[in-house]
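> Sequence plus predicted model, see below.
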Amino acid sequence: MSKIELIATATFGLEAIVAREVKNLGYDEMTVEDGRVTFIGDELALCRANMWLRTADRVLVKMGSFKATTFEELFEHTRALPWHEWLPENANFPVEGKSVKSKLFSVPDCQAIVKKAVVEKLKEKYRKEWFAEDGPRYTIEVGILKDTATLTVDTSGPGLHKRGYRKLTGEAPLKETLAAAMVTLAHWFHDRVLMDPLCGTGTIPIEAALIGLNIAPGITRKFAAEDWPAIPEVMWRNTRKEAYALIKQERHLQIIGTDINEKAVSLARYHAREAGVDEHIHFQRLPLSQVRTKSKYGYIICNPPYGQRLGETREVETLYREMGRVFANLDTWSYYVLTAYPDFEKFFGRKADKRRKLYNGRIECQYYQYPGPRPPRRDRVKSGSGETGQV
C-alpha cells in the first residue's frame, strides 16, 4: 500500500474533534488547520476514514499544493501532478473551485485551466486525444487561498452527514455530523441516561445511539471511491466487515427523545428504524413542561429553536424561560444547549460554565455547557423507566 495524503474537511469549530477521531483510527501524522485535518494514510485509511468519521464533512485525496499567481503556473503545476495514478481513462472528472484573497480570483477560469491541465496529463499517459468520461466519478476541487492552490479529489461523494437513515426531514434539520459533535463534546457515557426534550426528528438521540453502540456512521451507505479501480473492492468489503464486528449491540442504552410535535416524533421513530437503533431509543410526544425524571443523574443535549423567523422572538424567549424552570429541577444532571439566540443565558436564567462557537449550516451558534456532578460509581449502571416522560 502506498502513502496517501488525505484531508478530512470539517465545519469551523469541529477541527479538534475530527483530529481526535482520525487519531483514534490510528493515524497520528496529521496537521490541523481551519476547516480541515490533513493526515497520512493509505488506501485502507481512505476506506476507514469514510466509514468511521462522525464529525467530518468529507474525505479528500490531496493531489498537490503549490504557489500560483498566473494561469500558466496553475496549468503547469496541475499538469505535473500524477492524475493517472487515480483517474482511469474513462474517469468522469468535473472540476469545482473556490478562491480567497488570491490574484487568481476568477473561479470559472481556474476550473477551466485545471480541467485542461488534467486532460493534457491523461492524454500523455493514455495516448488518447478524447475522453468519454462515462466511468467512475472523481470530483476535483481547486482551492486557492492567498495565492496557494491546493488540488484535491473527493472520495466521499455525498457529504458524510448523509448517513442514509434520514430520508425525511422536518423544517429545520440539524446535520448529523453536528449532532454527533454535540454528543462528543458533552462527554456522554453509554451507561448514562441521555434525553433530548426538544428532539424534533430525532437526530441527536439517533447519533447518540450510534455512538453508544459503536456503529460506524457510514456502515450502510456508499462512497464515491467504492467505484474507483485504485481501491480494491475487497478493501471496502473488509472495512465494512470490521465495522459490523465492532458493533456493541449488547449494550443497554437509556436514550429518550420527546417533542410536542407529533409529526416530528413520528419522523424520529421512522429515522431510528432506518438507522437500526429504534430498540435503543424511547420517543414520545410530550410538552417540555411535563418532562420529569426518576433518574438522579443524566444528560440533556438539545438544539431548541433560535427565533430566526420574524415574529418568533417572543415565543423563543418563553421557551428558554421554560427550559430554565424544567432544567432547574434536574440540578444533578448535565445539560448542553446549542442555539444562535444571543440572549439565551438571560432567559434561561443561568450563565453557562463553558461556551463553544459552532456553526449549524451557516448560522453561528453557541454551545452552552452546564456539566453536572459525576454520579457515584454504583449509580452509573442503574436503569430508569422510559414511560410518559419518565427517564
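Structure's in. What do you need?

> and this structure, what are its domains?
Domain assignment for the chain by automatic domain parsing gives 4-154, 176-216+247-379.

> Need those domains in TSV (columns: distance to residue 240, mean pLDDT and mean neighbour count).
Any C-beta I mention is one placed from the backbone N, CA and C, and that applies to glycine too. Below are the domains of the chain laid out as TSV (distance: least, C-beta to C-beta, whole Å; pLDDT from 0 to 100; neighbours: other C-beta atoms under 10 Å):
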stretch	distance to residue 240	mean pLDDT	mean neighbour count
domain 4-154	7	97	18
domain 176-216+247-379	8	94	19
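
> Compare those domains and give me the one nearest residue 226.
Of all the domains of the chain, it is domain 4-154 that lies closest to residue 226, at 8.6 Å by C-beta to C-beta.

> residues touching the nearest residue to residue 103 once chain neighbours are set aside, list them.
Using C-beta to C-beta, 6 or more residues apart in numbering and skipping the chain neighbours, the partner closest in space to residue 103 is residue 69 (4.6 Å). Applying C-beta atoms under 8 Å, 6 or more residues apart in numbering, we find residue 69 in contact with 102-104, 147.

> tell me which element residue 69 falls in.
Following DSSP states H and E, one finds residue 69 outside all helices and strands.

> and the contacts of residue 69, which two are the farthest apart?
104 and 147 (7.5 Å).

> so what's in contact with these two at the same time?
Going by C-beta under 8 Å, 6+ apart, residues that sit against residue 104 and also against residue 147 are 68-69.

> all helices in the stretch 251-391 of the chain, in order from the N-terminus.
All helices of the stretch 251-391 of the chain, identified by DSSP state H, counting those that start in this stretch, fall at 262-275, 313-328, 344-348.

> Output stretch 16-36 as PDB, nothing but the C-alphas.
Presented in PDB, the C-alpha positions along stretch 16-36 are these (Å, rounded to 0.1, in the frame of the first residue of the first chain):
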ATOM      1  CA  ALA A  16     -10.100  19.300  17.100                       C
ATOM      2  CA  ILE A  17     -12.900  16.700  17.300                       C
ATOM      3  CA  VAL A  18     -12.200  15.400  13.800                       C
ATOM      4  CA  ALA A  19      -8.500  15.300  14.600                       C
ATOM      5  CA  ARG A  20      -9.300  13.100  17.700                       C
ATOM      6  CA  GLU A  21     -11.400  10.800  15.500                       C
ATOM      7  CA  VAL A  22      -8.500  10.500  13.000                       C
ATOM      8  CA  LYS A  23      -6.100   9.700  15.800                       C
ATOM      9  CA  ASN A  24      -8.500   7.100  17.300                       C
ATOM     10  CA  LEU A  25      -8.400   5.300  13.900                       C
ATOM     11  CA  GLY A  26      -4.600   5.000  14.300                       C
ATOM     12  CA  TYR A  27      -3.300   7.800  12.100                       C
ATOM     13  CA  ASP A  28      -1.100  10.100  14.200                       C
ATOM     14  CA  GLU A  29       0.800  12.000  11.400                       C
ATOM     15  CA  MET A  30      -1.500  15.000  10.900                       C
ATOM     16  CA  THR A  31      -1.800  18.700  10.600                       C
ATOM     17  CA  VAL A  32      -4.900  20.600  11.900                       C
ATOM     18  CA  GLU A  33      -5.900  23.800  10.200                       C
ATOM     19  CA  ASP A  34      -9.100  25.900   9.900                       C
ATOM     20  CA  GLY A  35     -11.700  23.700   8.200                       C
ATOM     21  CA  ARG A  36      -9.500  20.600   7.700                       C
END
